[in-house]
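Asker: Predicted model and sequence follow; I will ask about them next.
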Amino acid sequence: MIANRIHLNIIWGWCCIFFFALPLRAEMVIEPVISGFQPPPGRDRPAGGTASGGSRPVHQTCFPNPAKHQELLTAVTPGHHLGLTMMKRPEFVVYLPLTKAKVGELSIFDQQMRGVYQMNVAINKRTGFISMTLPQEAPDLVPHQPYYWTFALVCNERDRTEDLVVGGWIERTEINRDLRSHLEKASFLQRVSLLASNGYWYDAIAEVLNQPAAANQSTTTKTWEKLLTSVGLNHIAQKPIHDSQLLTRRKHHHL
């Protein structure tokens, strides 16, 4: 009897371990993995544009307090790579440090660096990630043609040679049927991962920035950090994004 009771206790112990361990193992298996940016295969950014266009230190003309550490004006781009979009009028995002500048200027150029469109935005006392979308009157990005975009911080309106300019390459490309099918059934994290891993940088960052306020902020923040660190933007990856905003357009015109 004693032996049988010991045997039954051992079996019951193993059963408890097995059943209580199952939820933990399942949770580990389904934990989402966020993919970073992968450049579009067989594509490279065209020659041209501003050298090291991703970041610029804010010089004395713009910086309100020279004694403090100067943050970088940064274009949220995939570095030296071309980023894809499926949008006719995509969102362009920069990280704006606190400056004395009152106006910024978003410009779009074709592959030969000929001006296509330009608009001014009011940035007085704004800081953090800012998103700019081309208005309806702006020309659509032509599919399969690379464009270079720039954001200029107007530090001295009387001397535009003192502008700080950052930018990057973008190309509008339709997604294939297989990727479209996967995106239609995907969750938020899956959509971001699919877009980023297939080269659609601008759509991936727009997906994160346009998350509703009621969404899980921790998940949104981690996703944003993963995207930015995957392209070397570590210095702004942990900056808060809940205050990101679409800037008000003051005026715009064709170049």
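Answerer: Noted; the coordinates are in hand.
Asker: Might you report the residue contacts of the residue positioned nearest the centre of the chain?
Answerer: In the chain, the centroid-proximal residue (C-alpha atoms, centre = their mean) is I205; its distance is 3.3 Å. Contacts for I205 were tallied using C-beta atoms under 8 Å, 6 or more residues apart in numbering; they are 76, 91, 93, 224, 227. (Each C-beta comes from the backbone N, C-alpha and C, glycine too.)
Asker: Look up how far M86 lies from it.
Answerer: Separation of I205 from M86 (C-beta to C-beta, to the nearest Å): 13 Å.
Asker: Then E171?
Answerer: Distance, E171 to M86, by C-beta to C-beta: 10 Å.
Asker: When these two are compared, which one has more neighbours?
Answerer: Set side by side, E171 and M86 show more neighbours around E171, with 22 against 17, by other C-beta atoms under 10 Å.
Asker: tell me which residues form a beta bridge with the more buried one?
Answerer: On the basis of DSSP bridges, E171 is bridged to L84, P146.
Asker: what's it in contact with, if anything?
Answerer: Contacts of E171 by C-beta under 8 Å, 6+ apart are 43, 82-85, 141, 144-147.
Asker: how about the helices of the stretch 101-250 of the chain, start to end?
Answerer: With DSSP state H, counting those that start in this stretch as the criterion, the stretch 101-250 of the chain has helices at 177-185, 188-197, 201-209, 217-229.
Asker: so which of the ones you listed gets nearest T61?
Answerer: helix 217-229 (27.5 Å; C-beta to C-beta).
Asker: same for that closest one, what does it pack against?
Answerer: Applying 3 or more C-beta pairs under 8 Å, 6 or more residues apart in numbering; DSSP states H and E, one finds that helix 217-229 makes contact with helix 188-197, helix 201-209.
Asker: Kindly recompute the last result at 6 Å.
Answerer: Using 3 or more C-beta pairs under 6 Å, 6 or more residues apart in numbering; DSSP states H and E as the contact criterion, no secondary-structure element is in contact with helix 217-229.
Asker: okay, now the domains of the chain?
Answerer: What automatic domain parsing lists as the domains of the chain is 1-31, 55-253.
Asker: From the chain's centroid, how far away is the longest one?
Answerer: When you say that, I think you mean domain 55-253. Put simply, domain 55-253 sits 7 Å off its chain's centre (C-alpha atoms, centre = their mean, to the nearest Å).
Asker: Could you pull out the buried residues of stretch 161-179?
Answerer: Applying a neighbour-count criterion of 16 or more other C-beta atoms under 10 Å, one finds 163-173, 175 buried in stretch 161-179.
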